[in-house]
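S.K.: A predicted structure for the sequence below; I have some questions about it.
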Amino acid sequence: SGKWARAMAILREFEEKCGTPIGKLRQVADAMTVEMHAGLASEGGSKLKMLISYVDNLPTGDEKGLFYALDLGGTNFRVLRVQLGGKENRVVKQEFEEVSIPPHLMVGSSEALFDFIAQALAKFVAEEGEGFHPAPGRQRELGFTFSFPVRQTSISSGTLIKWTKGFSIEDTVGEDVVGELTKAMEKLKLDMRVTALVNDTIGTLAGGRYHDNDVIAAVILGTGTNAAYVERAHAIPKWHGLLPKSGEMVINMEWGNFRSSHLSLTEYDHALDAESLNPGEQIFEKLISGMYLGEIVRKVLVKMAEEAAIFGETVPPKLKIPFILRTPHMSAMHHDTSPDLKVVASKLKDVLEISNTSLKTRKIIVELCDVVATRGARLSAAGILGILKKLGRDTIRVGEKQKSVVALDGGLYEHYTKFRTTMENTLKELLGDEVAANVFVEHSNDGSGIGAALLAASHSQYL
Ligand code: ADP
Ligand code: MG
C-alpha cells in the first residue's frame, strides 16, 4: 500500500543520511585528532575542552587503607567503600549502594542537590561494618567522581563549567563542586575529606590501570559519553605549570562536545538538538549516548506516524511525549529475535499504548533501531581511533609491539549488546587485523567507583 511505501521511504532516507562508511569514519577520526591537538594547544582552542585533570599518577597497586568514593553522573549516584590491601592483597573488600536522584533535584537548587547527596553518603558511612578499618585518628577520605565538565583547579577542587545530561541547576555553574559537597557534609557533621575530584572517565582509567598496566584511555558510553587518556605532559602546550615527575598527565577530553562536518546530522538530530536543554552543544553525545538514542527513534516514528500513518489515522498521543521511549526500550526491541516480534509489540503497548501493529510495521521499527544504534556505535569507534592516532598507536612501528588497552564503561556499553559488538567490530575494521591484534577494549567494571577511591588513596593528605 501507499502508506507502507511511504514509511519505507522515510526509513531509507534516514538510513542513507545516517550512513557511516569507513571513509567517513576515518574523516571523523582525523577530525577528532585535529581537535585534540587544538584543545591541548590553547584554552578555548577547540570544541574539545581537553581538560587537565591534575592526575599525573595512576594507581600502581600499592594503595592501602579504607577509602570512599561517590559517583554522580546521571540518573543514579553510587556510594562505595573499599578496603585496599596493597600489592599483595589488592581489593580486600568493597561495598556500594546506589541511590536514584529525584528528578526535581536535577533542576532545583545546588544546595538541595548536595544536601541530598551528603545525606545518602552519611547514612552509608554510618553503616560501615566489619572488614573496613578506618585509620585511627585520621579523617575518612573520599574520591568524588563528578561526571560533568569541570575546570579543575587542583586534584581536589574544580568549578563546574556547565551541566549536561538533563541536569540544569544554575547556581552550581561556576562554583567549586567539592566546596558545595564539603559544605553539605559539614552541615551533617560528616567528618570526611574529598582528596580527589575526578570525572567518570578518569576514574575508569584509574580503575582500568589498577588491573592492567597497558590501559591508556577510557571511554564512557552511558547516559552521556566521554573519554580520557594519558598524554605526555610536554605535548600539552597550554599547560604552564611544573612538568609532573611522571612526565604524564591525564586529559579529560569532554568528547561529547565534539562536532565536525563529517558527522551525519539528520533533520531529527537537528530537531532533538534544538529542543534540548543545551542546544548547539554536546553534538557527538547526542548522536551516540544512551540519553538520546531512544529519543531519535521516537522522532522518526512520529514522522512515520504523521506522514505514513503507520499507527493508524492519528498519531498515538504517548508517542508525542519527548523522551518517553528510552534507550533500554529501544535496545529490547532491537534484540527481539522472536518470529512475530513480540517484544516490539509489548514495548509499543507498554510504553506507547500502541496495539495491533502489523508484523511489517514492527520490522520497520527493529530496522530503525538498528540504523540509530549502528551510527552511534560506529561513530564511537571512530572517536577511539582518533585517540589512538593522537598517541601514535594506530600503526605498528617496526620492531615494536606495544599493547594498547582502552577501558570501557557505562550502561549503554554494558547492556546494549548490538551497540557494543558493532563498536568493537568497527574499531577492528578501522585498525586492520595487524594493529587490532594489539588493541584491546576491556570492560572496566565499576571502574569509575573503585577508580575514584584509588585516586583518593594515591592523593591522600597523609602521604
Ligand atoms: P550514567 O551514565 O548515568 O552514569 P550508566 O553508565 O549506568 O549511568 O548508564 C545508564 C545509561 O545506560 C542509561 O541512561 C541508558 O541509556 C543506558 N542503558 C541502561 N540499560 C540499558 C539497556 N538495557 N539497553 C540499552 N541502554 C541501556
Ligand atoms: Mg556513570
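M.R.: That came through fine. Residues are numbered from 1 along each chain as shown. Ligands and ions are numbered 1, 2, ... in the order given.

S.K.: any bit of the helix or strand harbouring residue 366 sitting next to ligand 1?
M.R.: In this assignment (DSSP states H and E), residue 366 forms part of helix 359-390. No - residues of helix 359-390 are not located near ligand 1 by C-beta under 6 Å from any ligand atom, the shortest gap being 8.8 Å. C-beta coordinates here come from the backbone N, C-alpha and C atoms, glycine included.

S.K.: Can you give me the buried ones in that helix?
M.R.: Neighbour-count burial for helix 359-390, with 16 or more other C-beta atoms under 10 Å as criterion, is recorded at 361-362, 364-369, 371-390.

S.K.: State the distance from residue 146 to residue 445.
M.R.: In this view, residue 146 and residue 445 are 20 Å apart by C-beta to C-beta, to the nearest Å.

S.K.: who's in contact with the nearest residue to residue 367 once chain neighbours are set aside?
M.R.: Counting by C-beta to C-beta, 6 or more residues apart in numbering, the nearest residue to residue 367 once its immediate chain neighbours are dropped is residue 11, at 6.3 Å. Residues near residue 11 by C-beta atoms under 8 Å, 6 or more residues apart in numbering: 300, 304, 364, 367, 368, 371.

S.K.: Intersect the buried residues of helix 359-390 with the contacts of ligand 2.
M.R.: Among the buried residues of helix 359-390, no residue sits close to ligand 2 (C-beta under 5 Å from the ion).

S.K.: Which helix or strand contains residue 114?
M.R.: Taking DSSP H and E as the criterion, residue 114 maps to helix 110-126.

S.K.: sorry, back to before: which members of the contacts of residue 11 are the farthest-apart pair?
M.R.: For these, the maximum inter-member distance is 12.7 Å, found between 304 and 371 (C-beta to C-beta).

S.K.: related to what we said a few turns ago, would you list the contacts of residue 11 in TSV and tack on pLDDT?
M.R.: Output for the contacts of residue 11, formatted as TSV (pLDDT from 0 to 100):
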residue	pLDDT
300	98
304	98
364	98
367	98
368	98
371	98
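
S.K.: Make JSON lines from those and add distance to residue 100 to it.
M.R.: Shown next, in JSON lines, are these (distance: C-beta to C-beta, whole Å):
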{"residue": "300", "distance to residue 100": "29"}
{"residue": "304", "distance to residue 100": "33"}
{"residue": "364", "distance to residue 100": "34"}
{"residue": "367", "distance to residue 100": "33"}
{"residue": "368", "distance to residue 100": "29"}
{"residue": "371", "distance to residue 100": "31"}
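
S.K.: hang on, residue 93 in a strand?
M.R.: Yes - Residue 93 forms part of a strand when assessed by DSSP: H, G, I helix; E, B strand; the rest coil.

S.K.: contacting residues for residue 338?
M.R.: Contacts of residue 338 (C-beta under 8 Å, 6+ apart): none.

S.K.: Revised request: answer the last question for residue 306.
M.R.: Residues near residue 306 by C-beta under 8 Å, 6+ apart: residue 315.

S.K.: on that earlier part again, next up, phi/psi of the residue nearest to residue 367, please.
M.R.: The phi and psi values for residue 11, taken as degrees, to the nearest 10, are phi -60, psi -50.

S.K.: Roughly how far does it sit from residue 441?
M.R.: Going from residue 11 to residue 441 by C-beta to C-beta gives 30 Å.

S.K.: What of residue 294?
M.R.: Residue 294 is 24 Å from residue 441, where distance means C-beta to C-beta.

S.K.: same question, residue 367
M.R.: As judged by C-beta to C-beta, residue 367 and residue 441 stand 26 Å apart.

S.K.: re the thing from before, contacts for the following helix or strand past the helix holding residue 366, please.
M.R.: Note on helix 359-390: by DSSP H and E, the next helix or strand toward the C-terminus is strand 404-409. Contacting residues not belonging to strand 404-409 are listed as 200, 204-205, 207-209, 212, 214-222, 384, 387-388, 391, 393, 438-448 [C-beta under 8 Å, 6+ apart].

S.K.: Between helix 359-390 and strand 404-409, find me the angle.
M.R.: 140 degrees (axes from the mean of the first three to the mean of the last three C-alpha atoms, to 10 degrees).

S.K.: Is the helix or strand following strand 404-409 in proximity to ligand 1?
M.R.: For strand 404-409, the succeeding helix or strand toward the C-terminus, using DSSP H and E, is helix 411-415. Yes - on the criterion C-beta under 6 Å from any ligand atom, helix 411-415 is in touch with ligand 1 at 411, 412, 415.

S.K.: between those, which is closest to ligand 2?
M.R.: residue 411 (7.4 Å; C-beta to the ion).

S.K.: Return the residues in contact with that closest one.
M.R.: 221, 222, 223, 290.

S.K.: What helix or strand is the third one located in?
M.R.: Using DSSP H and E, residue 223 sits within no helix or strand.

S.K.: give me the number of residues near the closest residue to residue 193 other than its chain neighbours?
M.R.: Of all residues not flanking residue 193 in the chain, residue 139 sits nearest, at 5.0 Å (C-beta to C-beta, 6+ apart). Residues contacting residue 139 under the criterion other C-beta atoms under 10 Å number 14.

S.K.: Quick check: residue 139 vs residue 65, distance?
M.R.: 12 Å.

S.K.: can you list the residues of the protein near ligand 1?
M.R.: Residues of the chain that fall close to ligand 1, judged by C-beta under 6 Å from any ligand atom: 73-75, 222-224, 290-291, 327-328, 331, 410-412, 415-416.
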